[in-house]
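A.B. asks: whatever this is, show me its structure:
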Amino acid sequence: MSTPEVPWPADWLVPDWPAPPWVRAVCTTRNGGVSGMPWDSLNLGDHVGDKPAAVQANRDHLAACLQAAPVFLQQVHGTAVACLGDAEEVAPRMADACVARVPGIACTVMVADCLPVLLVDTEGRAVAAAHAGWRGLAGAGGHGVIEAVLGALDAGAAKSTMAWLGPCIGPRAFEVGDDVRQAFVVTHPAASGMFVPTGQVGKWWCNLSGLARQRLQALGVGRVYGNDGSQAWCTVRNPSRFFSHRRDTAACGGSGRFAACVWIEEGLADKLV
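C.D. replies: Numbers count the residues shown, from 1 in each chain. Below you'll find the model as predicted:
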């Protein structure tokens, strides 16, 4: 990977996966921006009450670090997938996943407890990002955002795709009810192993990253990297590094959003043969 012209904070996460060298990826943290409390400091969400000028400055800084154009979606916890065209198309799209085959466009999803999933085909011809909260991950009838984004990458893409799971709310911080468990188990019985009783009737600890990993592998994506469910990946348990909607909204009155991005580096189009 080439060195970005604008250095990014040392605690941003760079996926450790065997993607082709012209494919770049990064997951930001809450550090490196200009927003004030409770969105301090690199809040990239324009819908959380932060000052618009601060959000724009943060997004401009992100683009400068990437040396690519991050495309921000209007995320609605659904399964729609936006197919991104060129770097000039930067208007928000109502979708929870996106795919790009053009260099210089960064597929971008914002999170603050939900799971970011980055994907690339092994030949580096296409990249994708998905915002996987429990609703989008469960979907309807067993077809959720992961199934949708793999479909957009092309039929049969799963076996030639690798995935990276970013930080999200951890398996001992995400308490859910019977309705959430049932949304997964009714179509994927094996998902029951990702729910542990809390000790309260009808309450469960939910392993969100485990559910995503399980779903990816069931679809044929054998190479899944990143979040293993340990505490270092938990947005709730790492307040100095990650935003957390569940932790911060009640305590601080709001929460920012960090982002996961993946893109094909410009100037290397000759590799796409």
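A.B. asks: C-alpha only now, for contacts and for neighbours.
C.D. replies: Noted.
A.B. asks: name the residue closest to the centre of this protein, please.
C.D. replies: The centre of the chain sits closest to residue 116, judged by CA atoms, centre = their mean, with a distance of 1.6 Å.
A.B. asks: can you map out the strands along this structure?
C.D. replies: When assigned using DSSP state E, the strands of the chain occupy the ranges 23-27, 69-71, 81-84, 97-100, 105-111, 115-121, 127-132, 161-165, 175-177, 195-197, 203-206, 223-226, 258-264.
A.B. asks: how about the ones you listed in TSV, adding mean pLDDT and distance to residue 46?
C.D. replies: What follows is the strands of the chain, written out as TSV (pLDDT from 0 to 100; distance: least, CA to CA, whole Å):
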stretch	mean pLDDT	distance to residue 46
strand 23-27	98	18
strand 69-71	95	13
strand 81-84	94	19
strand 97-100	96	18
strand 105-111	97	10
strand 115-121	97	18
strand 127-132	98	16
strand 161-165	97	24
strand 175-177	98	27
strand 195-197	98	33
strand 203-206	98	28
strand 223-226	97	27
strand 258-264	98	11
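A.B. asks: could you dump the ones you listed to CSV with distance to residue 153?
C.D. replies: Below are the strands of the chain laid out as CSV (distance: least, CA to CA, whole Å):
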stretch, distance to residue 153
strand 23-27, 15
strand 69-71, 17
strand 81-84, 9
strand 97-100, 7
strand 105-111, 13
strand 115-121, 8
strand 127-132, 8
strand 161-165, 9
strand 175-177, 31
strand 195-197, 30
strand 203-206, 28
strand 223-226, 16
strand 258-264, 14
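A.B. asks: separation between the residue nearest to the centre of the chain and residue 158?
C.D. replies: 18 Å (CA to CA, to the nearest Å).
A.B. asks: for the residue nearest to the centre of the chain, name its beta-bridge partners.
C.D. replies: Taking DSSP bridges, one obtains residue 131 as the residues bridged to residue 116.
A.B. asks: show me what contacts it?
C.D. replies: For residue 116, the contact set (CA atoms under 8 Å, 6 or more residues apart in numbering) comprises 109-110, 129-132, 165-168, 259-260.
A.B. asks: list the contacts of residue 131.
C.D. replies: Residue 131 makes contact with 75, 77, 96-97, 109-111, 114-117, 145 under the criterion CA under 8 Å, 6+ apart.
A.B. asks: who wins for neighbours among these?
C.D. replies: Compared across these, residue 97 has the highest neighbour count, 33 neighbours, by other CA atoms under 10 Å.
A.B. asks: surely that one touches residue 130?
C.D. replies: Yes - between residue 97 and residue 130 there is a contact under CA atoms under 8 Å: 4.1 Å.
A.B. asks: pull up the overlap in contacts between these two.
C.D. replies: Between them, residue 97 and residue 130 share the contacting residues 109, 145, 149, judged by CA under 8 Å, 6+ apart.
A.B. asks: closest one of those residues to residue 244?
C.D. replies: residue 109 (14.9 Å; CA to CA).
A.B. asks: what sits against the closest one?
C.D. replies: 72-73, 96-97, 116, 129-131, 259-261.
A.B. asks: want to throw these into CSV with distance to residue 229?
C.D. replies: Shown next, in CSV, are the contacts of residue 109 (distance: CA to CA, whole Å):
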residue, distance to residue 229
72, 26
73, 26
96, 22
97, 22
116, 13
129, 19
130, 18
131, 17
259, 19
260, 18
261, 21
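A.B. asks: and which of those is nearest to residue 232?
C.D. replies: residue 116 (15.3 Å).
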